[in-house]
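In: Take a look and give me a structure for this.
(4 chains)
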2 protein chains.
Amino acid sequence: MPKLPNDDKPVEMPKRVRTITDLAKLAGVSPGTVSRALAGKSLVNAKTREKIEALAREHDFRLNQMASRFRRQKTGVIGVVIPLGHDRRQQISDTFFMTLLGYLADELTERGYDLMLRRVIPDKDEDWLDRFIGSGMVEGTIVIGQSDQFDRIEDVADGYRPMVVWGNHQEGQRHCVVGSDNRLGGKLAAERLIASDCQSIAFLGSTDPIEFAARFAGAKAVADKMGVSISVLPTHLNPDRAADEIAEHFASSHSDFDGIFAATDLLAVACLKEMQSRKIAVPGKVKLIGFDDLPIASQTQPPLTTVRQDIAAGARCLVDLLLRRMNGESTESLVLPPKLIARQTA
Amino acid sequence: MPKLPNDDKPVEMPKRVRTITDLAKLAGVSPGTVSRALAGKSLVNAKTREKIEALAREHDFRLNQMASRFRRQKTGVIGVVIPLGHDRRQQISDTFFMTLLGYLADELTERGYDLMLRRVIPDKDEDWLDRFIGSGMVEGTIVIGQSDQFDRIEDVADGYRPMVVWGNHQEGQRHCVVGSDNRLGGKLAAERLIASDCQSIAFLGSTDPIEFAARFAGAKAVADKMGVSISVLPTHLNPDRAADEIAEHFASSHSDFDGIFAATDLLAVACLKEMQSRKIAVPGKVKLIGFDDLPIASQTQPPLTTVRQDIAAGARCLVDLLLRRMNGESTESLVLPPKLIARQTA
DNA sequence: CGCCGAATTGCAAACGTTTGCATTTTTGTG
DNA sequence: CACAAAAATGCAAACGTTTGCAATTCGGCG
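Out: Residues are numbered from 1 along each chain as shown, chains lettered A, B, ... in the order given. This is a model prediction of the structure:
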């Protein structure tokens, strides 16, 4: 009977059950027991558990996660940082990163982690990575894209294990990275162009970002070996600027290439458009290959031949490796093989 | 002198200064003072503060955010949820949502909040919204897209103030929403098509999602008034499936329209492609208008006429309203006017 | 020199949960 | 029925920070 509310009080004023202690009083047990019951530990009597769970449902009680996480010293949060270097500020490759982010969200949710997202502008904030890591809010960190921060990341990697980076793999680097084999991707593209009888290849895009540099290097290696000339048509990464720059490249006289390897699909699409408006037949006169295999790639006319990165697989690997590192394992970097998707532009 | 380390210990073993108390010992003050100094409160002596700050830097000490947030009962985290209903599972409109997400991240970071992202599949988890809100981890919640969860959101809205939703505004709804005036967008599109002499309009896409229904309704209102016929060409939202369905629509005999209003740019692009491969002149024979003004829209050939949603502005409004609600204000929903971007397909 | 107010600092109690250990209850067995 | 082992529960100490209040120090002024 002590379970009944005081009858001498005129109205029973339920007082939202907020803490585990409130609930414990209702159930007539100790807070510890409630905690154990709710956590699904085995050492609590089945009946007690049911009673507690029922009460919890009834008053829709919810654990104070902050208290819980604080006490257990586990946040259950994985941080995802996107550094915005270069002129990636208004980013062409965002589509790719954002898609990756989506998959990461799914993958992490699946495993019971929350995802904390932060975009940072490194040159405005030297300390971006340490600050994020040291915030004490995340148990592990995924960095999407090395941007121009390779060294910064290397610095941190020694002292901070639970971090995995999406990006390019460098011989002998110290941070754990997963990414496509950009060099191989470049190779595939060049081989395809050459197999389609191209004699002179142009690489379209910046070679500043490390991934793109690798794509170019891969293509160049093949071209050199096969005695095919290769040049760079530099552009910015911002799609609008790039469109103008592409137009300029075509306007200038040296347009003596018959094959184009674009650093990303977005550049390829812009390039395709320019060529079409100049009545340059694709693939008749000039062949074109992109990179990424974004959804748009299959939607151009003619559909774009491109080098596919398997984004979903990438996300899965990132999370896998990160969780293993969080368990103290030390892991090797992982480079995923890209794949040529032959459509109609090359 | 008690500040010096014990000299009788053979080597001084620095013992990473982890807590505010460690730091307090070093500085020879109490933990409370350190806390105040680091928090930048005015009531601590300038010299003391400097000393503490110097020590903090030296040992690169960082506040345990979890403890801090727990104690202050403030997480500093805004939750962003993306419900994945319908066949939005492998999402066509993701590009739009993800872009919005990017801007949200910027906007929130700017104001000192972190962003916690979660994608949920409502039919697998009835309780998704309550669970997220009740987790005690977020101070406010932004829902991106109502999906088919309008009612669920309404239910929650009464009891939970700090929530803002991106989506469509319904007469008399109870949750605070910001979104484009989809009806107006549809109106603009239809007006444009009719001004271009279209006699028969087709709406391409599903009318299930509430936003799309509004787009259609807006278009239909104009069409009806002007005595122009309008029909629906239903498709799924998954781009690959949609492509096939579009092809089927064209293959079937009833292709008697001369203007198409696509529910999203992505559908428009797929449609454009189909028409081109069927040698249907755009805009010569059929006019085409999209919705969103994603970057691709300007990159098609011919470039796509479309209805622009100002995503950056949307993000800013979402955050603004949310912060005001978190301060106890009650706010009206906000509908933003979309804008017709006239390019070459209509 | 003493006293008052302002400026600093210290003290200790929270915040709500988890968990090792001790204690109680239950169960099983001889 | 007694007793030991196992199961279930209670107790209380953490986790690291913030903050109201009290105590101390410091200047300034009469």
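In: Can you list the residue ranges for strands in chain A?
Out: A:77-83, A:114-120, A:140-144, A:163-166, A:177-180, A:200-204, A:229-233, A:259-262, A:287-292, A:305-308, A:334-336, A:339-341 (DSSP state E).
In: So for DNA strand D, which of these sits nearest?
Out: strand A:77-83 (16.5 Å; C-beta to the nearest atom of the strand). For glycine as for every other residue, the C-beta is placed from the backbone atoms N, C-alpha and C.
In: Mind giving me the packing neighbours of that closest one?
Out: helix A:94-110, strand A:114-120, helix A:128-134, strand A:140-144 (3 or more C-beta pairs under 8 Å, 6 or more residues apart in numbering or on different chains; DSSP states H and E).
In: Pipe the strands of chain A into TSV and attach mean neighbour count per row.
Out: What follows is the strands of chain A, written out as TSV (neighbours: other C-beta atoms under 10 Å in any protein chain shown):
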stretch	mean neighbour count
strand A:77-83	24
strand A:114-120	22
strand A:140-144	24
strand A:163-166	26
strand A:177-180	26
strand A:200-204	24
strand A:229-233	17
strand A:259-262	30
strand A:287-292	29
strand A:305-308	26
strand A:334-336	17
strand A:339-341	17
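In: Now mean pLDDT too, for these, in JSON lines please.
Out: Below are those laid out as JSON lines (pLDDT from 0 to 100):
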{"stretch": "strand A:77-83", "mean pLDDT": "93"}
{"stretch": "strand A:114-120", "mean pLDDT": "90"}
{"stretch": "strand A:140-144", "mean pLDDT": "95"}
{"stretch": "strand A:163-166", "mean pLDDT": "96"}
{"stretch": "strand A:177-180", "mean pLDDT": "96"}
{"stretch": "strand A:200-204", "mean pLDDT": "96"}
{"stretch": "strand A:229-233", "mean pLDDT": "95"}
{"stretch": "strand A:259-262", "mean pLDDT": "96"}
{"stretch": "strand A:287-292", "mean pLDDT": "96"}
{"stretch": "strand A:305-308", "mean pLDDT": "98"}
{"stretch": "strand A:334-336", "mean pLDDT": "96"}
{"stretch": "strand A:339-341", "mean pLDDT": "97"}
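In: Nearest to residue A:57, out of these?
Out: strand A:114-120 (23.3 Å; C-beta to C-beta).
In: is any part of the closest one close to chain B?
Out: Yes - Strand A:114-120 reaches chain B (C-beta under 8 Å from any C-beta of the partner chain) through A:114-120.
In: in its sheet, what does that strand sit against?
Out: Here strand A:114-120 is paired, per DSSP bridges, with strand A:77-83 (parallel), strand B:114-120 (antiparallel).
In: So which of the helices and strands packed on strand A:77-83 is nearest DNA strand C?
Out: Nearest to DNA strand C, of the helices and strands packed on strand A:77-83 and by C-beta to the nearest atom of the strand, is strand A:114-120 at 15.6 Å.
In: and the direction of the closest one versus that of strand A:140-144, what angle?
Out: If you take axes from the mean of the first three to the mean of the last three C-alpha atoms, to 10 degrees, strand A:114-120 sits at 50 degrees to strand A:140-144.
In: Strand A:114-120 vs helix B:94-110, what angle?
Out: Going by the same axes, to 10 degrees, strand A:114-120 makes 70 degrees with helix B:94-110.
In: I'd assumed residue A:178 was in contact with residue A:334.
Out: Yes - using C-beta atoms under 8 Å, residue A:334 makes contact with residue A:178 at a distance of 4.3 Å.
In: what touches both of those two?
Out: A:317, A:321 (C-beta atoms under 8 Å, 6 or more residues apart in numbering or on different chains).
In: From residue A:64, how far out is the residue in the stretch 51-200 of chain A that DNA strand D sits nearest to?
Out: Among the residues of the stretch 51-200 of chain A, residue A:71 lies nearest to DNA strand D; the distance is 3.5 Å by C-beta to the nearest atom of the strand. According to C-beta to C-beta, to the nearest Å, residue A:71 and residue A:64 sit 10 Å apart.
In: do residue A:219 as well
Out: Distance from residue A:219 to residue A:64, by C-beta to C-beta: 55 Å.
In: Same drill for the two, tell me which one is more crowded.
Out: Ranked by neighbour count (other C-beta atoms under 10 Å in any protein chain shown), residue A:219 and residue A:64 place residue A:219 first, with 27 against 19.
In: The more buried one is in contact with residue A:204, isn't it?
Out: No - Residue A:219 is not in contact with residue A:204 according to C-beta under 8 Å; the separation is 10.9 Å.
In: any shared contact partners between those two?
Out: residue A:261.
In: For burial, what's the neighbour tally of residue A:225?
Out: Neighbours of residue A:225 (other C-beta under 10 Å): 11.
In: quick revisit: including distance to DNA strand C, could the helices and strands packed on strand A:77-83 go into JSON lines?
Out: Putting the helices and strands packed on strand A:77-83 into JSON lines (distance: least, C-beta to the nearest atom of the strand, whole Å) gives the following:
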{"stretch": "helix A:94-110", "distance to DNA strand C": "20"}
{"stretch": "strand A:114-120", "distance to DNA strand C": "16"}
{"stretch": "helix A:128-134", "distance to DNA strand C": "21"}
{"stretch": "strand A:140-144", "distance to DNA strand C": "19"}
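In: Residue B:343: which of those is closest?
Out: Going by C-beta to C-beta, the one of the helices and strands packed on strand A:77-83 nearest residue B:343 is helix A:94-110, 20.2 Å.
In: Grab the CA positions of the closest one and hand them over as CSV.
Out: Presented in CSV, the C-alpha positions along helix A:94-110 are these (Å, rounded to 0.1, in the frame of the first residue of the first chain):
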residue,chain,number,x,y,z
ASP,A,94,30.7,18.3,-52.3
THR,A,95,28.3,16.0,-54.0
PHE,A,96,30.7,13.2,-53.5
PHE,A,97,31.5,14.1,-49.9
MET,A,98,27.9,14.6,-49.0
THR,A,99,27.0,11.2,-50.5
LEU,A,100,29.8,9.6,-48.5
LEU,A,101,28.4,11.4,-45.4
GLY,A,102,25.0,10.0,-46.0
TYR,A,103,26.3,6.5,-46.1
LEU,A,104,28.4,7.1,-43.0
ALA,A,105,25.4,8.2,-41.2
ASP,A,106,23.6,5.0,-42.1
GLU,A,107,26.5,2.8,-41.2
LEU,A,108,27.1,4.5,-37.8
THR,A,109,23.5,4.6,-36.9
GLU,A,110,23.3,0.9,-37.6
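In: Give me the helices and strands touching it, please.
Out: So helix A:94-110, by 3+ C-beta pairs under 8 Å, 6+ apart, packs with strand A:77-83, strand A:114-120, strand A:140-144, helix A:311-326, helix B:94-110, strand B:114-120.
In: for DNA strand D, what are the nearby residues on chain A?
Out: Contact residues (C-beta under 7 Å from any atom of the strand) of chain A with DNA strand D: A:28-33, A:36, A:42-48, A:70-71, A:73.
In: Let's see which of those residues end up in helices.
Out: A:31-33, A:36, A:46-48, A:70-71 (DSSP state H).
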